[in-house]
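Enquirer: I need the structure of the sequence given here:
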Amino acid sequence: MAIRYAMQVEDGTLVVRASGFDESLAEVEQYGAAVIAACRAHGVTRVLCLEQELEYRLSTLDTFRAAEFVALHAPKVGRIAIVCAAASLPDGQFWENVVVNRGLTAAVFADPVAADHWLHADPAATNGRPSPVGPPRR
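Expert: Predicted coordinates for the structure are as follows:
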């Protein structure tokens with residue numbers, strides 16, 4: 001079972017729902033390229049990838065290479081929030097570190113509410129990084 005995904009624009013955000021598992025670096029790069037192409041086609045600068053049902057199986061080296069690929073090809077003007085299963089959070093945070101160090105504004109979460117909050121927050125308020133305290137209380 002390879003990566004399966006569906007994308008649609010919701011309120012100016014490209015929402016990607018992915019499931020299955022990553023079988024190879026090439027497949028992950030194809031998935032990333034499809035997301036980037038959809039952003040360009042729809043003119044969106046915010047991406048929410050819901051990957052809780054996607055099992056990360058890449059090695060650390062291939063995760064690094066996948067992150068480099070995205071950082072090289074993705075526009076540097078947007079924000080990318082990825083929600084993964086809690087068990088995959090260390091791999092997701094490693095990917096985040098690589099892309100952020102290469103100029104992307106991205107964050108990986110296990111909580112979809114926190115991801116949505118970060119994605120729609122004022123970038124100046126979070127300095128481009130996830131807020132450690134979550135959404136503001138009212």
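
Enquirer: Tell me which stretches of the chain form helices.
Expert: For the chain, applying DSSP state H gives helices covering 25-42, 60-73, 89-101, 112-120, 123-126.

Enquirer: confidence score at residue 23?
Expert: Looking at residue 23, its pLDDT stands at 87.

Enquirer: Please tell me how far residue 86 sits from residue 94.
Expert: 15 Å (Cβ to Cβ, to the nearest Å). For the C-beta atoms, the positions are set from N, CA and C on the backbone; glycine is no exception.

Enquirer: Point to the residue nearest the middle of the protein.
Expert: Residue closest to the average C-alpha location in the chain (Cα atoms, centre = their mean): residue 82, at 3.5 Å.

Enquirer: My guess is it contacts residue 106. True?
Expert: Yes: using Cβ atoms under 8 Å, residue 82 and residue 106 qualify as a contacting pair, with a distance of 7.2 Å.

Enquirer: returning to that earlier point: give me the beta-bridge partners of the residue nearest to the centre of the chain?
Expert: Residue 82 forms beta bridges with residue 49, residue 108, as assigned by DSSP bridges.
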